[in-house]
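[1] sequence? don't have it. structure:
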């Protein structure tokens, strides 16, 4: 029993930490956080996405794609470009939940390094568009930014860090892999159905369809494929606790936080401790410098595991796909790579400072 509890604590330490912080801040305020529909919709969509990806995994399509993708040279640069292209079209969460299972199904010994590269690249590509990340969407709507101006401001960030990650990927040498994949049989019917459901959920995530449309994926799994419901509920509960914790922290510091200068650095630093989406929600009402805030929370998404919810997704997906024994190494490498990328993003901000802030704000 004791060994089981210890294993549970090691596996779900983020969940227990978030729960403890949620409880302590609620006691300090004298009430639990209030959850709104807006708070819970992203978790519902992530649940639907997890269910669809689990169904696709059971159809063996990701395994087949992984075998095809791992063949040939320059695997790391190809993965960077593929992840970047995907993350510009869909959100960062969809990109990670799609790409990381593929990478972690590969036979190369550099799976961990490739997974970290993919996770970092998803941040970069998704940062270009207003809908790519939650913090971008909040800033885009709160400040009423024009799309052209948004893209202009983020182009140096995305272009500079893509070049940085492509150069880094050249140092991730993977061993040759024998051609295979022909012997892998996929369930054609299940694959077609789950690909259709994936398109449905992805359209709901980016706003092309109402969020409620994603319920079809969950209903299908309930009726015909309950194994697809075996997803990481601990991660979903962690997100729910973080959302409540965000509201509590905002309420605690709202009376103390006045208008600050150096918005970029403040946003980047705060993101390391409370994540970039809560940082955005806290600072957007106190500053008119939306360009600095936009860069700050996107650069601040690199670094610590809690700097962005996408980092937690990457970490839990690594654990889920057989990487539990190497969890410590993954966290260390991920954090080091994240902070190197954060420093590169900070350098880009000051290098292109005049261009970014040409029109004020």
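    Here it is on my side, so go on. Computed from a predicted model, the values in this text were never measured in an experiment.

[2] any weak-confidence spans in the stretch 51-200 of the chain?
    The model of the stretch 51-200 of the chain has pLDDT under 70 over residues 176-183.

[3] do that again at 90, thanks
    53-74, 86, 88-95, 97-98, 101-102, 104-111, 129-147, 172-191, 198 (pLDDT under 90).

[4] Output the contacting helices and strands for the helix or strand hosting residue 57.
    Take DSSP states H and E as the rule and residue 57 turns out to sit in helix 37-59. If contacts are counted by 3 or more C-beta pairs under 8 Å, 6 or more residues apart in numbering; DSSP states H and E, helix 37-59 sits against helix 92-104, helix 188-206, helix 215-224, helix 233-253. (C-beta placed from N, C-alpha, C; glycine too.)

[5] Could you identify the helix or strand that succeeds that helix?
    On the C-terminal side of helix 37-59, the nearest following helix or strand under DSSP H and E is helix 61-69.

[6] Contacts only, for residue 74.
    Residue 74 makes contact with no residue, according to C-beta atoms under 8 Å, 6 or more residues apart in numbering.

[7] hey, which helix is longest across the chain?
    Ranked by number of residues, the top helix in the chain under DSSP state H is helix 327-351.

[8] Which helix or strand lies directly C-terminal to that helix?
    Assigned by DSSP H and E, the successor of helix 327-351 is helix 353-356.

[9] C-terminal to the helix or strand that contains residue 137, what's the next element?
    Using DSSP H and E, residue 137 maps to helix 134-142. Using DSSP H and E, the helix or strand that follows helix 134-142 in sequence is helix 147-169.

[10] Contacts for that next one, please.
    Here helix 147-169 makes contact (C-beta under 8 Å, 6+ apart) with 76-77, 79-81, 84, 117, 120-121, 124-125, 127-130, 136, 140, 291, 294-295, 298-299, 341, 344-345, 348-349, 351-352, 355-356, 359.

[11] and those, which are buried?
    Applying 16 or more other C-beta atoms under 10 Å to the contacts of helix 147-169, the neighbour count classes 76-77, 79-81, 84, 117, 120-121, 124-125, 127-130, 136, 140, 291, 294-295, 298-299, 341, 344-345, 348-349, 352, 356 as buried.

[12] Grab the nearest non-local neighbour of the residue nearest in space to the middle of the chain.
    Nearest residue to the geometric centre of the chain (C-alpha atoms, centre = their mean): residue 310, 1.9 Å. Using C-beta to C-beta, 6 or more residues apart in numbering and skipping residues adjacent in sequence, the residue nearest residue 310 is residue 92, 4.8 Å away.

[13] Please name the residues that touch the one you found.
    By C-beta under 8 Å, 6+ apart, the residues touching residue 92 are 122-123, 126, 132-133, 308, 310.

[14] Any chance of the residues you listed in JSON lines with secondary structure and distance to residue 187 as columns?
    Below are these laid out as JSON lines (DSSP: H, G, I helix; E, B strand; the rest coil; distance: C-beta to C-beta, whole Å):
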{"residue": "122", "secondary structure": "helix", "distance to residue 187": "28"}
{"residue": "123", "secondary structure": "helix", "distance to residue 187": "33"}
{"residue": "126", "secondary structure": "helix", "distance to residue 187": "31"}
{"residue": "132", "secondary structure": "coil", "distance to residue 187": "32"}
{"residue": "133", "secondary structure": "coil", "distance to residue 187": "33"}
{"residue": "308", "secondary structure": "coil", "distance to residue 187": "34"}
{"residue": "310", "secondary structure": "helix", "distance to residue 187": "30"}
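
[15] Report the two of those residues separated the most.
    Greatest spacing in the contacts of residue 92, by C-beta to C-beta: 132 and 308 (11.9 Å).
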